[in-house]
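> Provided below for reference: sequence and predicted model.
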Protein chains: 4
Amino acid sequence: MCAASRTRGESDKGELRRQQVLEAATECFRREGFHGSSIARISQAAGMSPGHIYHYFANKEAIVEAIAEREEHDIAELLRKLEQDREGGGLVDMLTRQTAEIVERNTDPAYAGLMLELAAEAARNPAVRKILQRSEREIGGQFFRLVQRVGAPAALDDAELQMRLQMIALMFNGLTLRMLNDPDFDLDAAARLINGIIRFLLEEAPPR
Amino acid sequence: MCAASRTRGESDKGELRRQQVLEAATECFRREGFHGSSIARISQAAGMSPGHIYHYFANKEAIVEAIAEREEHDIAELLRKLEQDREGGGLVDMLTRQTAEIVERNTDPAYAGLMLELAAEAARNPAVRKILQRSEREIGGQFFRLVQRVGAPAALDDAELQMRLQMIALMFNGLTLRMLNDPDFDLDAAARLINGIIRFLLEEAPPR
Amino acid sequence: MCAASRTRGESDKGELRRQQVLEAATECFRREGFHGSSIARISQAAGMSPGHIYHYFANKEAIVEAIAEREEHDIAELLRKLEQDREGGGLVDMLTRQTAEIVERNTDPAYAGLMLELAAEAARNPAVRKILQRSEREIGGQFFRLVQRVGAPAALDDAELQMRLQMIALMFNGLTLRMLNDPDFDLDAAARLINGIIRFLLEEAPPR
Amino acid sequence: MCAASRTRGESDKGELRRQQVLEAATECFRREGFHGSSIARISQAAGMSPGHIYHYFANKEAIVEAIAEREEHDIAELLRKLEQDREGGGLVDMLTRQTAEIVERNTDPAYAGLMLELAAEAARNPAVRKILQRSEREIGGQFFRLVQRVGAPAALDDAELQMRLQMIALMFNGLTLRMLNDPDFDLDAAARLINGIIRFLLEEAPPR
DNA sequence: CATGAATGAGTTTTCATTCAT
DNA sequence: CATGAATGAAAACTCATTCAT
């Protein structure tokens, strides 16, 4: 028991420190961007020496990758919750009930900053791009299966359904950029229109 | 020969050199990002010495700002063309005819790279953010007036029309992020669905 | 079981661990040089933690010194074998019989790497230089006595004999550098000429 | 004239600065070795900022390479002088006249330190090894042609002659290591024996 | 005896910026 | 208007060494 708790305690501490780094880095990246956040600053924010960062991450890029992975887990968990929190109604009802929350999340400046930072990095850095793409595939698949479980529209074949789900995701992606470029953007009106489009895509629009 | 032409000639040449720098920097930023593009490299691409860059720009950030401003002009010009290339049909026909081209443009990796770079920079650099927002406002207004000239749907008041036009822009913004995260994203299918949504927004969706 | 064997056992194990470090370090130094071999890597190769290295050695330099000392023992043992493996013939015959083997040893890249590393270190580190010089004196003396036992040329006084033996050693030293600088160096031809020179030095060359 | 001298002056100044770096680095490497000499120290010794070193050399290794190349030029020039300073006598006389000087040079601690440093680096660093090998080939060829011009022994074919010349070089190489390991090594006696061996190799030893 | 987390100074290298020419 | 030498303060990363456990 003692040995077990000791081992547990140690690995927990290590994991804790690692998470400290990730949280500090996330915060730094949000505020200053990847290239604006030096390891020195991150280490300071994480409460450890610069050299010790390299105990947990091979290099700065590995921190980026870990953050990207964490982001994936966060969204995956969101999806899992989405399925559990069913309050009745069809697929579209279930989806549109979440819209306001997702709109809020995707237009939160902190989230937007990190997301754009990740995207800009991915546009140039193949390693980060790979991670984001894998992450996106994972989430997309999860979303697709969730929709099938809840009840996909009969008129749409798999490929077409997947495409339309991607269009929904696309709108939420666009939201982040739009909010940045137009601070007066009306989020409630946007949520209403997005819901209209979701309904249109999954119920009204012709299959092809 | 006379003083006027001399001055004109000099400032023209100066402006030309300035544009050289901007073009070189745009290309560098696309390929390597802001932080990956050193003044040395930009000056080399622009065909001048590093020191001379500072004759035209106060510092590196000023180049970024100038590029952000230039981007506005590019899109404004695109809109002007859009109006001229009218081949008949109503508003929706006119818009949907351009979709394929805009999809292509917004998913071009070079354009995407620069755009995301600018967006990420704007997310934390207020000066750049201001420029992008002013630019966006300008373009949004131009688009709005164009639509009104061509013939806006009678059922929509100004605010609602503007909102729906922004939703269209939002989709094109989202496209850039989506393409980055999913290299297999089907652009043709996306264009088709986008056109369906444009029609839905401007013709079918209830005014409120 | 009794106190003595316990003590013995412990120190034996300690000595074993110490030797593990030396062997691991020797291998690392051969491959990467002193400065290219971190304590972390050495400790890994030795199968122990970095911190524990300092249980056996005061610091990194002490490892270098211990290796230099070990090198002496190796060569001394070689000399001892040389005397035992006598197959008849005079001094020159005995020596020239070993030439091919020594040539091979001294041109082995692994050996050469370590030897040059030690020599370069000795050139600026007095502690290492002392060790190498003491070691060399020891080996030189052993070699001298061996030759006297086997039968030194009558025409040469002690000083002259010693000088000529040093010339033989010098040639083997030079071999290491030559091989490094000329990868096509013909080792067989070199061995033949070296044997010619050994015979010349010990039989033909005038005493003064 | 003005332009020419200006250009000349400028390029001269650049070359001068470059040589300053090389001299400073050579001195540092001698005293502290490659890995013991930081760019900061070298730049200090060269009287310029650390960053400016990189105006003249791509990286630290490039300095090593330039030093190795310089060493080659030095020896090549030595060979050229050797041929011009002919005072009569045959090949062996010409060579043996230089022995004392070469012995002195090769046992000079400063020279020895740098040479061993280069050799140790070459043993691990392929780029440096290449340079040393090319340099050695160049010098070897020059030496060979010089000997042929002066008059090579008729009994030796080209391959055998080359081999024997390499043996002479080998002895001088060995001298450097021997001097390091034996501070009491008798240089005059060594020079005498080396000359005996040179005569033996080029006049007495049987061709095969 | 043994671990490995932790440090912090040190390494090479880059780069925006300045300035004499 | 134009150059490019020069700076010096970063940056990312490494590593010998210490020490609590």
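Happy to help now that I have it.

> distance of the closest residue to chain B within chain A from B:Leu175?
When scored by C-beta to the nearest C-beta, chain A has A:Gly174 as its residue closest to chain B, at 2.8 Å. Any C-beta I mention is one placed from the backbone N, CA and C, and that applies to glycine too. Distance from A:Gly174 to B:Leu175, counting by C-beta to C-beta, to the nearest Å: 7 Å.

> and what of A:Leu202?
20 Å.

> tell me where chain A has strands.
Along chain A, no stretch is classed among the strands by DSSP state E.

> walk me through the domains of it.
A:1-57, A:60-202 (automatic domain parsing).

> centre of the chain to the shortest one, how far?
When you say that, I think you mean domain A:1-57. 21 Å (C-alpha atoms, centre = their mean, to the nearest Å).

> now swap in stretch A:105-115 and tell me
With C-alpha atoms, centre = their mean, you get 10 Å for stretch A:105-115.

> cool, stretch A:84-102 as well?
18 Å.

> for chain A, what helix or strand is lowest in average pLDDT?
In chain A, no helix or strand scores lower on mean pLDDT, DSSP states H and E than helix A:2-32, which sits at a mean of 75.

> okay, now the unreliable bits of chain A?
Along chain A, the model assigns pLDDT under 70 to residues A:1-11, A:86.

> pull the number of nearby residues for A:Pro206.
6 (other C-beta atoms under 10 Å in any protein chain shown).

> which residue is the nearest non-sequential neighbour of it?
Using C-beta to C-beta, 6 or more residues apart in numbering or on different chains and skipping residues adjacent in sequence, the residue nearest A:Pro206 is B:Gly196, 7.9 Å away.

> A:Glu61 too?
Per C-beta to C-beta, 6+ apart, closest to A:Glu61 is A:Ala127, 6.1 Å.

> separation between the one you found and D:Glu136?
Distance from A:Ala127 to D:Glu136, by C-beta to C-beta: 42 Å.

> of these two, which one has the most company?
Set A:Ala127 next to D:Glu136 and count neighbours by other C-beta under 10 Å: D:Glu136 wins out with 21 against 14.

> ok, that one - contacts?
Listed by C-beta atoms under 8 Å, 6 or more residues apart in numbering or on different chains, the contact set of D:Glu136 reads C:181-182.

> and it, how far from DNA strand F?
Distance, D:Glu136 to DNA strand F, using C-beta to the nearest atom of the strand, to the nearest Å: 30 Å.

> likewise A:Gly140?
If you go by C-beta to the nearest atom of the strand, the gap between A:Gly140 and DNA strand F works out to 31 Å.

> measure that residue to A:Gln162 for me?
8 Å.

> higher neighbour count, the two?
A:Gln162 (19 against 16).

> what about the helices in chain A?
A:2-32, A:39-46, A:50-56, A:60-84, A:91-107, A:109-124, A:126-150, A:158-181, A:187-199 (DSSP state H).

> how about a markdown table for those helices, with distance to DNA strand E added?
Formatted as a markdown table, the helices of chain A follow (distance: least, C-beta to the nearest atom of the strand, whole Å):
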| stretch | distance to DNA strand E |
| --- | --- |
| helix A:2-32 | 5 |
| helix A:39-46 | 8 |
| helix A:50-56 | 2 |
| helix A:60-84 | 14 |
| helix A:91-107 | 32 |
| helix A:109-124 | 13 |
| helix A:126-150 | 18 |
| helix A:158-181 | 24 |
| helix A:187-199 | 37 |
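
> mind putting those helices into a markdown table with distance to D:Asp12?
Below are these laid out as a markdown table (distance: least, C-beta to C-beta, whole Å):
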| stretch | distance to D:Asp12 |
| --- | --- |
| helix A:2-32 | 45 |
| helix A:39-46 | 42 |
| helix A:50-56 | 43 |
| helix A:60-84 | 43 |
| helix A:91-107 | 63 |
| helix A:109-124 | 42 |
| helix A:126-150 | 46 |
| helix A:158-181 | 55 |
| helix A:187-199 | 68 |
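
> just say which of the domains of chain A is most tucked in.
A comparison of the domains of chain A by mean neighbour count, using mean count of other C-beta atoms under 10 Å in any protein chain shown, puts domain A:60-202 on top with a mean of 18.

> gap between the two ends of that domain?
42 Å (C-alpha to C-alpha, to the nearest Å).

> again with stretch A:152-165
11 Å.

> which residues does it contact?
Looking at what lies outside stretch A:152-165 - C-beta under 8 Å, 6+ apart - the contacts are A:91, A:140, A:143-144, A:147-148, A:201-203, A:205, A:207-208, B:186, B:189-190, B:193.

> against A:Pro153, how distant is A:Met94?
From A:Met94 to A:Pro153 the distance is 13 Å (C-beta to C-beta).

> what do you get for A:Gly196?
16 Å.

> got it, and A:His52?
According to C-beta to C-beta, A:His52 and A:Pro153 sit 53 Å apart.

> cool, and A:Gly89?
From A:Gly89 to A:Pro153 the distance is 14 Å (C-beta to C-beta).

> who's in contact with the residue nearest to A:Pro206?
B:Gly196 neighbours (C-beta under 8 Å, 6+ apart): A:200, A:205-206.

> can you list the residues of chain A near DNA strand F?
Neighbours of DNA strand F within chain A, by C-beta under 7 Å from any atom of the strand: A:35, A:37-41, A:50-51, A:54, A:59-61.
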